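[1] What shape does this take:
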Amino acid sequence: MQDRQFEESLPSSKEQTPSVLPLWFIPTHAPLQAITAKEEQWANQLPKNRGRQYHHSRGYVRAALSKLWELPALEIPLYSPPGKAPELSKGWGNISFSHCNDALLIGWSPNSIGVDLERLDRPIRAKQIMQRFFSEEENNVLNALNEHELRLEVIKKWVIKEAAIKWQRGNIAGNISQWQADTTSTLIINKAMNLTTNLYTINHFSWQIAIAYDARFHRPPIIICQID
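    Here you go, the predicted structure:
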């Protein structure tokens, strides 16, 4: 893990709140870290590529929180079966992570948090995605963009919406069109459910990143801690 200033701002125990929002960025080629016997069992039940992705993400969640709290990685009270939102035991805060084809992003907060990332150069069917998953209001704005602008804007909006859904503990099919935010906004709003949360977005080299979080507990976060 890199950046001494970031590490010095981290809490020495789970009861303390860090002065910055802890975020970790890990490439998928990074070597696998230790996971529990149960997690190994779950990983082995998945197809080979999915199994490695599962092992990689849960191993680095454990490694990151082990550094955060100075505890052995296998003692972190993480419950994260395949296909389920990750959970920490009560009193240990909240964890969220996201992976694309070549990177993993992890975030922790004492309150709800949602993180998401995607490569900015990912080829997508932008029009189909916006027509299926975005609101009429959003589509009216997006229709004015050229093909290149549209692809980038859809990626950015998708990442924002997915971070908000993870913060909400909702689901893409039922909630993605409800969340709306300008890509330059610091808030994201779900009018249908009367929900609002803070939003932070950043271009990190080739990746678009979004974090939905509670600003009462953290200064605006930045990606500092990277594992190579």
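[2] Next, count neighbours for the closest residue to residue 22 other than its chain neighbours.
    Leaving out its chain neighbours, the residue that sits closest to residue 22 by C-beta to C-beta, 6 or more residues apart in numbering is residue 108, at 4.8 Å. C-beta: built from backbone N, CA, C; applies to glycine. Other residues near residue 108 come to 25 when the count uses other C-beta atoms under 10 Å.
[3] Mind telling me what element residue 108 is part of?
    Using DSSP states H and E, the secondary-structure element containing residue 108 is strand 103-109.
[4] how about that strand: buried residues?
    For strand 103-109, the neighbour count (16 or more other C-beta atoms under 10 Å) marks 103, 104, 105, 106, 107, 108, 109 as buried.
[5] picking up where we left off before, and the residue nearest to residue 22, how far from residue 85?
    14 Å (C-beta to C-beta, to the nearest Å).
[6] do the same with residue 52
    Computed as C-beta to C-beta, the residue 52 to residue 85 distance reads 21 Å.
[7] Comparing these two, which shows the higher neighbour count?
    residue 85 (17 against 14).
[8] And the strands in this protein?
    Assigned by DSSP state E, the strands in the chain fall at 23-27, 78-79, 87-88, 94-99, 103-109, 114-119, 179-180, 187-190, 195-204, 207-213, 225-226.
[9] right, so those: which one is the most enclosed?
    When you average the neighbours per residue for each of the strands of the chain (mean count of other C-beta atoms under 10 Å), strand 207-213 leads with a mean of 27.
[10] Which other helices and strands does it contact?
    If contacts are counted by 3 or more C-beta pairs under 8 Å, 6 or more residues apart in numbering; DSSP states H and E, strand 207-213 sits against strand 103-109, strand 114-119, helix 147-168, strand 195-204.
[11] contact partners of that strand?
    21, 23, 100, 103, 105, 107, 109, 111-120, 155-156, 159-160, 162-164, 166-167, 188, 197-203, 221, 223 (C-beta atoms under 8 Å, 6 or more residues apart in numbering).
[12] How far away from the center of its chain is that strand?
    Distance, stretch centre to chain centre, for strand 207-213: 6 Å (C-alpha atoms, centre = their mean, to the nearest Å).
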